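> Could you look at this predicted model? Sequence included:
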Amino acid sequence: MATEERNRRLSQGMAPRILVVDDEPRLVSALATLLLSYGYHVTEAHGGKHACDLIDTLRFDLALLDLRMPEVDGFAVMAHLANQQPECGTVVISGESSFTSVSRALRRGALDYIRKPFDPEELVATVKNVVGKQSLLKAHEDIQGRLEKSEALHRYIVNSSPDIVFMLDAHGRFCFINSKVESLLGYKPAELCERHFRHILDDRDVTKGIYALNAPDVSADNPRTIEIRLKTRGSRQATRHFEITAFPIDPQNWTHSSYTRGGGSGQNASYYGTARDVTERKEAEAFINFQAYHDLLTRLPNRACSKTAWNWPLPMHAAQTRSLR
């Protein structure tokens, strides 16, 4: 929650909160006055122990601290800050100029190192640069978080879909198919990937399926929807009826993810489609049709069926014979 609040303040251009730590009160006061004049929100800490107490109770975006302080030195403050507020940046302002001290401070996470006595303009420029970089990093993290949430929602929708969701490459081979195919047709998603979609088409509908996919007028704004029969795994005779909607896509306009349950990542996809099982509807239509034109006891065609057949167009000589009667 604290990180989100910090990101919100930075994104809205609110003044960053800076903690100034030194055991010399006059230096702390001078630094605070300088930074306040540039619009920063400044909190003064006189010594390392005071700084640790403030870190436990307040939130900061940046800490400016000295290394050589009695009781609790700058390295201890950096360690405490990293433990309590890892998102807070650190800039060291110290009279220590040895390579060992500078290297140690940078290894501990310091973003920059300013040697005493410092130039006020250099210090302000350094603070501005560090705060700006942190703002960009936090904005990037926020965008990444939004993308991850969006991808998570997309994965949930795809995985929870009652329909088969699939993608085909330019050659008609599956490059992604969700796990719903296993419960509806018995195929594992992984075994279908890189296989041509005709592998699961009923032999009677292969030509129909290929023609529909290659139709010149099919687009994302004008998708093609057809009813087609798909084979279940393990039997060439067992088929189910599906209503398939598919259209071409531009791979450059979307990002693929390998985290969605199913087979394949969707890389190189050229077609997107869904397949809805309509077997029960087709069976119900066939049963209603049978009831309308057959006797339920004898299962023979009834008078309605005969009348329908009689009303079909007749050959010329038969029609003439009928008119003579």
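Good, I have the coordinates.

> residues touching T225, list them.
Contact partners of T225, counting by C-beta atoms under 8 Å, 6 or more residues apart in numbering, are 243-245. All C-beta atoms are positioned from the backbone trio N, CA, C, and that covers glycine.

> which among those residues end up buried?
243-244 (16 or more other C-beta atoms under 10 Å).

> Now do G109 against H140, distance only.
19 Å (C-beta to C-beta, to the nearest Å).

> Compare those two (neighbour count), which wins?
Counting neighbours by other C-beta atoms under 10 Å for G109 and for H140 shows that G109 has the greater number, 14 against 10.

> Helix, strand, or coil at the closest residue in space to D205 that isn't next to it in sequence?
Excluding its sequence neighbours, the residue lying closest to D205 (C-beta to C-beta, 6 or more residues apart in numbering) is I228, at 4.7 Å. In the three-state summary, I228 is assigned as strand, counting by DSSP: H, G, I helix; E, B strand; the rest coil.

> For the helix or strand where E280 lies, what does the pLDDT average out to?
Using DSSP states H and E, E280 sits within helix 279-293. Helix 279-293 shows an average pLDDT of 83 in the prediction.

> other SSEs contacting that helix?
Under the contact criterion of 3 or more C-beta pairs under 8 Å, 6 or more residues apart in numbering; DSSP states H and E, helix 279-293 touches strand 239-248, helix 303-310.

> which secondary structure elements does the longest helix seen in the chain contact?
Within the chain, and with DSSP state H defining each element, the longest helix by residue count is helix 120-160. Using 3+ C-beta pairs under 8 Å, 6+ apart, the elements in contact with helix 120-160 are helix 2-11, helix 25-37, strand 62-65, strand 89-94, strand 112-115.

> Next SSE downstream of it?
Using DSSP H and E, the helix or strand that directly follows helix 120-160 along the chain is strand 164-168.

> Mind listing residues that contact that following strand?
Contacts of strand 164-168 with the rest of the structure, by C-beta under 8 Å, 6+ apart, involve 158, 174-178, 180-181, 184-185, 197, 213, 242, 246, 249, 262, 264, 266, 269-276.

> Give me the sheet partners of it and which way each runs.
Under the criterion DSSP bridges, strand 164-168 sits next to strand 174-178 (antiparallel), strand 271-277 (antiparallel) in its sheet.

> Rebuild those as TSV, extending it with distance to L296 and mean neighbour count.
Compiled in TSV, the strands paired with strand 164-168 are given as follows (distance: least, C-beta to C-beta, whole Å; neighbours: other C-beta atoms under 10 Å):
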stretch	distance to L296	mean neighbour count
strand 174-178	41	25
strand 271-277	28	19
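
> Need those in JSON lines (columns: distance to A30).
JSON lines is the format used below for the strands paired with strand 164-168 (distance: least, C-beta to C-beta, whole Å):
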{"stretch": "strand 174-178", "distance to A30": "62"}
{"stretch": "strand 271-277", "distance to A30": "63"}
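
> between the ones you listed, which one is nearest to S219?
Counting by C-beta to C-beta, S219 lies closest to strand 271-277 out of those; the figure is 11.2 Å.

> ok and the closest one relative to strand 239-248, angle-wise?
Between the axis of strand 271-277 and that of strand 239-248 there is an angle of 150 degrees, by axes from the mean of the first three to the mean of the last three C-alpha atoms, to 10 degrees.

> that older thread, roughly how far apart are the residue nearest to D205 and G209?
I228 is 6 Å from G209, where distance means C-beta to C-beta.

> same thing with A51?
For A51, the distance to G209 equals 71 Å [C-beta to C-beta].

> and these two? which has more neighbours close in?
Neighbours were counted for A51 and for G209 using other C-beta under 10 Å; A51 has more, 30 against 21.

> In three-state terms, label that one for me.
Reducing the assignment at A51 to three states with three-state DSSP gives helix.
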